[in-house]
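*Asks:* quick one, structure for this:
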Amino acid sequence: MTDTSTSSKDDRFTRQWNYRPDVPINTSPLFQWPLNPIGVARWFGARWFVFGENLILVALASLIWFYFHPTLEQTETLEISWITKIYAGNFLLIAIVAGGLHFFFHSRKFQGNELKFDPREIGSKGRMFTLGSQLKDNMFWTLTSGVFFWTAFEVLMFWAMANGFAPILWWAENPVWLVAMFVLTPMWISFHFYWIHRLIHCPPLYKSVHSLHHRNTNIGPWSGLSMHPVEHLLYFSSILIHFIVASHPILILYHMQNQALTAATSHTGFDALLVKDKRTLELGNFHHQMHHRYFECNYGTLEVPWDKLFGSFHDGTSESHQKLLERRQKTMAKADQ
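*Replies:* Model (predicted):
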């Protein structure tokens, strides 16, 4: 016999989404026991041996370092000329990536609603948004505070490497470890992101800082870096690990661009880019999309399973959503006592 109350709850949850990927969502196999070597190999292969964000970012970082970026000799002394060059480059990068994705998916709607998570349109207007609209709000905070802190941390790291305050690892010294560092960097970013994200969800910081980002319950490419300056400061601070762990200029650029540019791609609101009805580039993230919709879940990413360990994981199923609602009711009941 079918439980009609459970069925209606399932229907309510699924109706909130235009598209929902295969569920339950799984975290990376790296932290699952017993370890599945084939699953681990497939996971790494999907991220590093096929056309995707990581290879694009490594290629982009290499291109910028060899042809456009100030040299270490130039960055040894803080000068407005090379700092401005980095700022202008970062401004242009995020404008092209976030602006291009917004134009393709939301302005011209070249992909329609195919693989679009939320059926609602972005572009809300209201007094809650800076300049009165979601798009203007998101662009303002991204292009002002976002690009400023991105550039500030990049300038700091290159100045520190040039002056011997941050260790440098060149390809000829240990190419195997340097390749490993590229692979491990997204995992470190994931680890760092979870903990600073939980921090800014504490009530005082949420109200004064993180609520600016969470104005976006329905997200678009410009939403990714639309943050309060304090959140930008915390968000980009993951790069400071390279004051301890030796790095390479290309790895620094890859690290910074991974944080800045994938913030736009992961907030597109679409699961993937289709070319002739074929999934060509994986983009959006249903795991994080649910965080923007429901707030009290999925604080981290799928690389490191902190949400599973601390009970905040939403795997995209109706059963998981029901558990979220029950946790929320318990929290509200405690607050009323």
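*Asks:* avg pLDDT for the one helix or strand V176 maps to?
*Replies:* Here V176 is covered by helix 175-200, with elements defined by DSSP states H and E. The pLDDT scores in helix 175-200 average 96.
*Asks:* now it: buried residues?
*Replies:* By neighbour count, and taking 16 or more other C-beta atoms under 10 Å as the criterion, the buried residues in helix 175-200 are 178, 181-182, 185-186, 188-194, 196-197, 200. The C-beta positions use only the backbone N, C-alpha and C, and glycine is treated the same way.
*Asks:* what does stretch 22-33 give?
*Replies:* With the criterion 16+ other C-beta under 10 Å, stretch 22-33 contains buried residues I25, N26, T27, S28, P29.
*Asks:* closest to Q74 among the residues you listed?
*Replies:* For the buried residues of stretch 22-33, the residue nearest Q74 by C-beta to C-beta is S28; the value is 38.8 Å.
*Asks:* how near is the closest one to P186?
*Replies:* Relative to P186, S28 is positioned 10 Å away (C-beta to C-beta, to the nearest Å).
*Asks:* which ones among the buried residues of stretch 22-33 map onto strands?
*Replies:* Counting by DSSP state E, no part of the buried residues of stretch 22-33 is found in strands.
*Asks:* least trustworthy helix or strand in this protein by mean pLDDT?
*Replies:* Across the helices and strands of the chain, mean confidence by mean pLDDT, DSSP states H and E is lowest for helix 4-15: a mean of 66.
*Asks:* returning to that earlier point: tell me which of the buried residues of stretch 22-33 is nearest to R328?
*Replies:* Distance from R328 was checked for each of the buried residues of stretch 22-33 by C-beta to C-beta. The minimum falls on I25, at 19.7 Å.
*Asks:* wait, doesn't the closest one sit right on P305?
*Replies:* No: counting by C-beta atoms under 8 Å, no contact exists between I25 and P305, whose distance comes to 11.1 Å.
*Asks:* format the buried residues of stretch 22-33 as JSON lines; extra columns: pLDDT and distance to L143.
*Replies:* What follows is the buried residues of stretch 22-33, written out as JSON lines (pLDDT from 0 to 100; distance: C-beta to C-beta, whole Å):
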{"residue": "I25", "pLDDT": "94", "distance to L143": "32"}
{"residue": "N26", "pLDDT": "90", "distance to L143": "36"}
{"residue": "T27", "pLDDT": "91", "distance to L143": "33"}
{"residue": "S28", "pLDDT": "92", "distance to L143": "33"}
{"residue": "P29", "pLDDT": "93", "distance to L143": "38"}
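*Asks:* closest one to M128 out of these, please.
*Replies:* Top of the list for closeness to M128, among the buried residues of stretch 22-33 and by C-beta to C-beta, is I25 at 29.7 Å.
*Asks:* now do the contacts for the closest one.
*Replies:* Taking C-beta atoms under 8 Å, 6 or more residues apart in numbering, we find I25 in contact with F286, H287, L302, D315, G316.
*Asks:* what is the nearest of the buried residues of stretch 22-33 to A59?
*Replies:* Nearest to A59 among these is S28, at 23.3 Å by C-beta to C-beta.
*Asks:* what's that closest one sitting at in phi/psi?
*Replies:* Dihedral angles of S28 (phi, psi; degrees, to the nearest 10) stand at phi -60, psi 150.
*Asks:* common neighbours of S28 and P186, please.
*Replies:* Overlap between the neighbourhoods of S28 and P186 consists of E303, taking contacts as C-beta under 8 Å, 6+ apart.
*Asks:* what comes up buried for stretch 294-306?
*Replies:* Those buried within stretch 294-306 under the rule 16+ other C-beta under 10 Å are Y294, F295, C297, N298, Y299, G300, T301, L302, E303, V304, P305, W306.
*Asks:* cool, and stretch 271-283?
*Replies:* By neighbour count, and taking 16+ other C-beta under 10 Å as the criterion, the buried residues in stretch 271-283 are D271, A272, L273, L274, E282, L283.
*Asks:* with stretch 109-124 instead?
*Replies:* Buried residues in stretch 109-124 (16+ other C-beta under 10 Å): Q111, L115, K116, F117, D118, I122, S124.
*Asks:* and that stretch, how far from the chain's centre?
*Replies:* Using C-alpha atoms, centre = their mean, to the nearest Å, we find the averaged C-alpha position of stretch 109-124 to lie 19 Å away from the chain's own average C-alpha position.
*Asks:* okay, that stretch in CSV with CA atoms only?
*Replies:* What follows is stretch 109-124 as a C-alpha-only set of coordinates in CSV (Å, rounded to 0.1, in the frame of the first residue of the first chain):
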residue,chain,number,x,y,z
LYS,A,109,18.7,31.3,-23.8
PHE,A,110,20.5,29.4,-26.5
GLN,A,111,20.0,26.2,-24.5
GLY,A,112,16.4,26.9,-23.4
ASN,A,113,15.6,25.1,-20.2
GLU,A,114,17.5,21.9,-21.1
LEU,A,115,19.5,20.8,-18.0
LYS,A,116,18.3,23.9,-16.1
PHE,A,117,17.9,23.2,-12.4
ASP,A,118,15.5,25.9,-11.3
PRO,A,119,12.4,26.6,-13.4
ARG,A,120,12.3,30.2,-12.2
GLU,A,121,14.0,33.0,-14.2
ILE,A,122,16.9,34.9,-12.6
GLY,A,123,17.0,38.7,-12.7
SER,A,124,14.7,39.5,-9.7
